[in-house]
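Student: Quick one: sequence plus predicted model below, questions after.
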Amino acid sequence: MKNTTLIIKTGKGEFEKVDVSDIKTIKSDGNYSLIDFLQENKKIILCKSLKSTIEDFKLENFVLIRRGLYVNFDIICKYKGGKKPKVILKNGEELLISRRRIKDIKDKTINQEQTTARQE
């Protein structure tokens, strides 16, 4: 089952309710994870590794585009190939993709399209 909201610990005894659809990327920063939101300048640092963050929150709709960087698949609107493959997000931001991850993104796109077609 896909999570739509998360409760994230942001400090000592402080928690914040977050919509998954508002999350743009989750980046690795050593033993910490940096959650970057679509809203400018909103970031949350978690005291857990990137792998733990993705697994614990069951973020199935996030795709690894390069080492240490997951992106919310729902906000990807375009893929560009070439020497420097990249995805373009709904806000116009371009993120480079590791060559090893191109197949994962294409597979996820195909699976998403098939799922959408079945639901209609």
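Tutor: Yes, it's here. Residues are numbered from 1 along each chain as shown.

Student: pLDDT below threshold where in this structure?
Tutor: Along the chain, the model assigns pLDDT under 70 to residues 1-3, 113-120.

Student: Quick one: the strands in it, in order.
Tutor: 5-11, 14-19, 23-29, 32-37, 43-46, 62-66, 69-72, 76-80, 86-89, 94-96 (DSSP state E).

Student: Just name the most buried of those strands.
Tutor: When those are scored by mean count of other Cβ atoms under 10 Å, the highest mean neighbour count falls to strand 69-72 (a mean of 22). For glycine as for every other residue, the C-beta is placed from the backbone atoms N, C-alpha and C.

Student: Given it, what are its sheet partners and their directions?
Tutor: strand 23-29 (antiparallel), strand 62-66 (antiparallel) (DSSP bridges).

Student: In JSON lines, list those along with distance to residue 104.
Tutor: Formatted as JSON lines, the strands paired with strand 69-72 follow (distance: least, Cβ to Cβ, whole Å):
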{"stretch": "strand 23-29", "distance to residue 104": "16"}
{"stretch": "strand 62-66", "distance to residue 104": "6"}
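
Student: Of all the ones you listed, which one comes closest to residue 97?
Tutor: Closest approach to residue 97 among the strands paired with strand 69-72 is made by strand 62-66 (4.7 Å; Cβ to Cβ).
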